[in-house]
Structures are given as structure tokens and as C-alpha cells.
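S.K.: Sequence and predicted model, in that order:
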Amino acid sequence: MKRITGGVTAAKGFQAAGVEASIKYQNRKDMAMIYSQSPCVLAGTFTSNVVKAAPVLWDKKVVEESPFGQAVIVNAGIANACTGKEGFAYCSRTAQKAAGVLGIPAEAVLVASTGVIGMQLPIERIEAGIEKLAGARADTEEAGTKAAEAIMTTDTRSKQAAAEIEIGGVKVRIGGMCKGSGMIHPNMCTMLAFVTTDAVISKELLTKAVKADVIDTYNMISVDGDTSTNDTLLVLANGMAGNPEIQEDTPEFEAFCEALHDVNESLAKMMAGDGEGATALFETKVVGAATKEDARILSKSVICSSLTKAAIYGHDANWGRILCALGYSGVNFDPEKIELFFEGKENRIQIYKDGKAAPYSEEEATKILSEPEVRVLVDMKMGSETATAWGCDLTYDYVKINADYRS
């Protein structure tokens, strides 16, 4: 596997576009399209929030019941959540408009929205935006970047990743884009992610790969502990690479899963590091846990701790907050046995051992905590399982952004 540049247009046969449609924002792109020249098998995962936005309900139906998918229409600014029958009807109108413009069935069109909850979409602007998107779509990296920019809300930068593998002597590509900055706490957030691949793979096997990978990628990030109404991950595979069909329990399937994981993890980390108001990506890696689930729970407990996140922002080596977060995670362990470390780009220092503070330099700790990427390493000394979670620091700007979000 190798990483390559690009996003949703990296794979063969995929086009994208991003345009300004004035959905809520002015003078910025706010609608995106992904289009495949060939029908795609689909896989997807969605928010675990009981309150699900209309596009989530629409997409779940398409993924589960439609024979194929071929286009995705996304708008930013208005979430189309808590909008009743009218909101769901707008999903249908969006799909029907895209179907007419693109010459594909309406049930092959997926839709996604992100932004303010409770507002109705200006459907006439959505439909006009679809016309513009269809005319602007292209298979270039620039077109993919415009699409990635168009789905941003409070994001400070667009997020894309791509990888390439070889299957049966044929190059296969996987690319993706996502958005997410606040209301991020997946149990699959206002997180939207779209992944495309030209691999020949069955719907059943693609679904298996996606659902397994979400557990250790998107579901291991948190910005603020809020699980959105709109969380959506969609994966489209159009088979245009022409590789021998990927089979289960083969080296080729392992290679595909590795590349998919690399793209998903890259996108997930970009979201965590671009949390609203954030100045640093905050990673916690737990090793030596008794079970994989214990490792996941422990690492997420630390990155979700508001006190720890605030300490990271202040570059304060307050390891007691980390220990506290581990302690209330629900996992049983002996605090006298575990070890804690801070890791920077070039060095690592131990901060806790044998039930008390280890001898370390506060100056060196502050230096590590001042880096743009901060890692806490926790050795549980209980087994061989490991997991990593990603979050960000908690800053004054987070409150400012969210106090004014509807303004």
C-alpha cells in the first residue's frame, strides 16, 4: 500500500464538484457532488443518536434496499434534522432532481446535510445548486478538493486522503473526504465522510470491511462528547479498476482492508485535530490492556476528559487528570502497576510509575505538550491488547464558536 494525493476523485471513474448555492452561507462553496460513471455497490454506517436527521433515514434506506448507488449530494449550513415529513420530502426532491440531471434512478442518489438543526432546507436553492454541480463535475484532484471545501461548516481546513494498492496485477485506489469539527463523538458525529474506490468487491464484503474498520477509526475520535444527529459514512465501490474480484479471507482482502483503514484513520485524525477552537491533536494510546474493548474504553475516556483537554491546551503536565479519567472509565485495573508517558515528535518522558509521579522535567513535559500533536501513552501491564483514540485540546474559542453557532 502507498499513500497518494487526492480524495474522492482518486479512484477511477469518480467525478466531483463543489459550488456556491447560498444555502445559509454567503460567498463560499456550500454544496458538493460525488458522481460515479458506473453504478456502485454501497456500504454505510450512521449515527447511533436516536434523533436521526432526514438524510440519515434516506441514506439508510438507499444503502439497505437499492441495488446500487451512483451519486451523492451534500449541502453545508443546514442539517435538515428535526424537520419532520417536510425534511424527508426534501431528501426525495433532492434525489429526484439529481436523478433527472444525471440520468440515473432517484434511488441511486444519496444525500447528506450538515449545519444548524431545526431549519428547513431552501429546496429551490438546493435544486439550482444541483444544476450547477452537474455542470462543474470533473475527475480532477482540483474538483475533489472543491467538493471537500464545500462540505465544511466550522472546519478550518478541508480533509482528504487516498491510498493505492495492487490486486491481481491491477492498481486499485481508495480515496475519501470528510468534514467534522464540532458535535464530534462518533458512535458513528456532525461527521460526514465519503469514501470511493474503483475496486471490484461485493456489497457484502465491502460492508464487512467498513463496519469492522469504523470501530477503530471514526468511533475512536471525540471533540466534545456530542454525538450528532447527522453522522454518516458512505463508501462507494464502482469496480472500474477491473481487478479480479476480492474474495474473503485472502491476502487481497487484507490489502484492501489495510488501505481502507489508512484512509479512514487519516480522515478521522484530521477531524479530531481540527476540533472547534483546537490548537493540538490529542492522542491517547493504551497498550498492555487485558482486552481490546478495555483498551478502547480507556483510551477514549482520556481524550474525552474536559479537564485533561484543558490541561493539554495549557501545556500543563497534570497527569492526575489522566489517571482520574482512566479510573472512571469503567475498566478495573491496579493503579499501582500502570505507567504513563508523554510522547512528542522526537522524545518520550515517563510521568507516572509505581502509583506515584515519576521523576521528570516539567520544562521538558511542557515542551512536549506545546507541540501540535500530543500523545499520551498508557501501559496497563495487564495483557497484550492495544487501542488508540484521538481528540483535541479544549480552548476558549470552543465556547465562543458554539455560543454564536446559530448567529
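M.R.: Now that the structure is in, tell me what you want to look at.
S.K.: Nearest residue to residue 296 in space, ignoring adjacent ones along the chain?
M.R.: Closest residue to residue 296 apart from its sequence neighbours, by CB to CB, 6 or more residues apart in numbering: residue 387 at 4.4 Å. Yep, even glycine has a C-beta here, placed from its N, CA and C like the rest.
S.K.: check contacts around the one you found.
M.R.: By CB atoms under 8 Å, 6 or more residues apart in numbering, the contact set of residue 387 is 216, 220, 285-286, 289, 292, 295-296, 298-299.
S.K.: how about the helices in the stretch 301-407 of the chain?
M.R.: All helices of the stretch 301-407 of the chain, identified by DSSP state H, counting those that start in this stretch, fall at 306-313, 319-327, 362-369, 396-403.
S.K.: wait, I meant the chain
M.R.: Secondary structure of the chain (DSSP state H): helices located at 54-65, 84-102, 123-136, 141-150, 203-214, 251-273, 292-303, 306-313, 319-327, 362-369, 396-403.
S.K.: the inter-axis angle of the first one versus helix 203-214?
M.R.: This means helix 54-65. 130 degrees (axes from the mean of the first three to the mean of the last three CA atoms, to 10 degrees).
S.K.: center of this protein - which residue?
M.R.: For the chain, residue 268 is the residue whose C-alpha lies nearest the centre (CA atoms, centre = their mean; 4.2 Å).
S.K.: these two touch, right, that residue and residue 220?
M.R.: Yes: Residue 268 is in contact with residue 220 according to CB atoms under 8 Å; the separation is 7.0 Å.
S.K.: quick one: common contacting residues for those two?
M.R.: residue 390.
S.K.: Residue 314 and residue 341: what is the separation?
M.R.: Applying CB to CB, to the nearest Å, the value for residue 314 to residue 341 is 19 Å.
S.K.: Could you report the neighbour count for residue 74?
M.R.: A total of 27 residues lie near residue 74 under the criterion other CB atoms under 10 Å.
S.K.: What pLDDT is listed against residue 235?
M.R.: At residue 235, the predicted lDDT confidence score is 98.
S.K.: distance of it from residue 381?
M.R.: From residue 235 to residue 381 the distance is 38 Å (CB to CB).
S.K.: Name the residues linked to residue 390 by a beta bridge.
M.R.: residue 221, residue 283 (DSSP bridges).
S.K.: show me the contacts for it.
M.R.: 220-222, 268-269, 272-273, 281-283, 303.
S.K.: In a markdown table, list the residues you listed along with pLDDT and distance to residue 229.
M.R.: Converted to a markdown table, the contacts of residue 390 look like this (pLDDT from 0 to 100; distance: CB to CB, whole Å):
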| residue | pLDDT | distance to residue 229 |
| --- | --- | --- |
| 220 | 91 | 21 |
| 221 | 87 | 17 |
| 222 | 77 | 16 |
| 268 | 92 | 19 |
| 269 | 91 | 23 |
| 272 | 83 | 20 |
| 273 | 77 | 23 |
| 281 | 91 | 25 |
| 282 | 92 | 25 |
| 283 | 95 | 27 |
| 303 | 92 | 22 |
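S.K.: closest to residue 177 among the residues you listed?
M.R.: Nearest to residue 177, judged by CB to CB, of these is residue 268 at 12.6 Å.
S.K.: The residue lying farthest from the centre of the chain and residue 16: what is the separation?
M.R.: Of all residues in the chain, residue 359 has its C-alpha farthest from the mean position, at 38.0 Å, by CA atoms, centre = their mean. Counting by CB to CB, the separation of residue 359 from residue 16 is 54 Å.
S.K.: Endpoint to endpoint, stretch 332-347 covers what distance?
M.R.: 30 Å (CA to CA, to the nearest Å).
S.K.: And the average pLDDT for it is what?
M.R.: 95.
S.K.: ditto for stretch 50-70
M.R.: 95.
S.K.: and what of stretch 133-140?
M.R.: On average, the pLDDT along stretch 133-140 is 98.
S.K.: How about it, which residues are buried there?
M.R.: By neighbour count on 16 or more other CB atoms under 10 Å, the buried set for stretch 133-140 is 133-134, 136-137, 139.
S.K.: Just name the closest of the residues you listed to residue 391, please.
M.R.: residue 133 (33.6 Å).
S.K.: Isn't that closest one up against residue 32?
M.R.: Yes: if you go by CB under 8 Å, residue 133 and residue 32 touch, sitting 7.2 Å apart.
S.K.: shared neighbours of these two, anything?
M.R.: Joint contacts of residue 133 and residue 32 (CB under 8 Å, 6+ apart) are 17-19, 73.
S.K.: Which among the helices of the stretch 301-407 of the chain is found nearest to residue 63?
M.R.: helix 396-403 (31.0 Å).
S.K.: got the angle for the closest one vs helix 306-313?
M.R.: Using the same axes, to 10 degrees: helix 396-403 against helix 306-313 is 120 degrees.
S.K.: which other helices and strands contact helix 396-403?
M.R.: Applying 3 or more CB pairs under 8 Å, 6 or more residues apart in numbering; DSSP states H and E, we find helix 396-403 packed against no helix or strand.
S.K.: Just the CA atoms of it, as CSV, please.
M.R.: Coordinates of the C-alpha atoms in helix 396-403 are reproduced here as CSV (Å, rounded to 0.1, in the frame of the first residue of the first chain):
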residue,chain,number,x,y,z
TYR,A,396,-11.7,29.4,25.0
ASP,A,397,-12.5,29.5,21.3
TYR,A,398,-14.6,26.3,21.5
VAL,A,399,-17.1,28.2,23.8
LYS,A,400,-17.1,31.3,21.6
ILE,A,401,-17.8,29.3,18.4
ASN,A,402,-20.7,27.4,19.9
ALA,A,403,-22.2,30.3,21.8
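S.K.: what is the mean pLDDT for that helix?
M.R.: In this model, helix 396-403 carries a mean pLDDT of 75.
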